[in-house]
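Predicted model, plus sequence, below.
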Amino acid sequence: MLASGQCGVGLVQSKEQSVGTLLYGSPGVEVDFDDRALMHLQVVITAKLRRHESFLFSWSNSSSAGTGRSSVWLHPSIPLFYRFNGSRVPQLNREWIDLLMKSANSAGGMFFTNEPGGSA
C-alpha cells in the first residue's frame, strides 16, 4: 500500500519475476520495476548521481496505472531508495546499461527501455 502523497506505477511485471520498487523524494514517488530492471537502473542512476549530475528519468506507465507516461527529475540531494523484492542479484547486461546511460546523457534525459534481446 502506498502512503499519502505517493504514486505507484507498475512496470515490466510478470508472474515469474520479483518486483522491486524505486522510492524517490519525501513524501516519495514509488515506481515498481522487476528486480532485474531495477538493478540496471540502480547502476545507471547511481553513476550519474555520484558525479553530481541531475537528469530527467521517464517511463511508460502500465495499463494498471492508467497508461501514459511519467517523469521525475533526479537530483543528488533528494533521497533515493531501491527496494528489491528478491534476494538474488541478477547478472548485469552491459548492453542494457550502455543503452540506459546513453539515454540518461541525452538532452531528453533517461527513458526506461526494456532489455535488448531479453534477459541474460
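Structure received. None of these values were measured; they are calculated from a predicted model.

From residue 23, how far out is residue 98?
With the distance defined as Cβ to Cβ, to the nearest Å, residue 98 ends up 26 Å from residue 23. Bear in mind the C-beta positions are built from the backbone N, C-alpha and C, glycine included.

and the two? which has more neighbours close in?
Remark: of residue 98 and residue 23, residue 23 carries more neighbours, 17 against 12, as counted by other Cβ atoms under 10 Å.

Let me know the helix or strand that the more buried one is in.
Element membership of residue 23 [criterion: DSSP states H and E] is strand 19-25.

could I have that strand exported to PDB, CA atoms only?
Only the C-alpha atoms of strand 19-25 are listed here, as PDB (Å, rounded to 0.1, in the frame of the first residue of the first chain):
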ATOM      1  CA  VAL A  19       9.100  -6.800  -8.400                       C
ATOM      2  CA  GLY A  20      11.200  -4.200  -6.700                       C
ATOM      3  CA  THR A  21      10.500  -0.500  -6.000                       C
ATOM      4  CA  LEU A  22      12.300   2.700  -6.600                       C
ATOM      5  CA  LEU A  23      11.300   5.300  -4.000                       C
ATOM      6  CA  TYR A  24      12.200   8.900  -4.600                       C
ATOM      7  CA  GLY A  25      11.800  12.100  -2.500                       C
END
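
Which SSE is immediately downstream of that strand?
strand 28-34.

what lines up beside that next one in the sheet?
Take DSSP bridges as the rule and strand 28-34 pairs in its sheet with strand 8-9 (parallel), strand 19-25 (antiparallel).

which stretch in those is the model least sure about?
Among the strands paired with strand 28-34, strand 8-9 carries the lowest mean pLDDT, a mean of 42.
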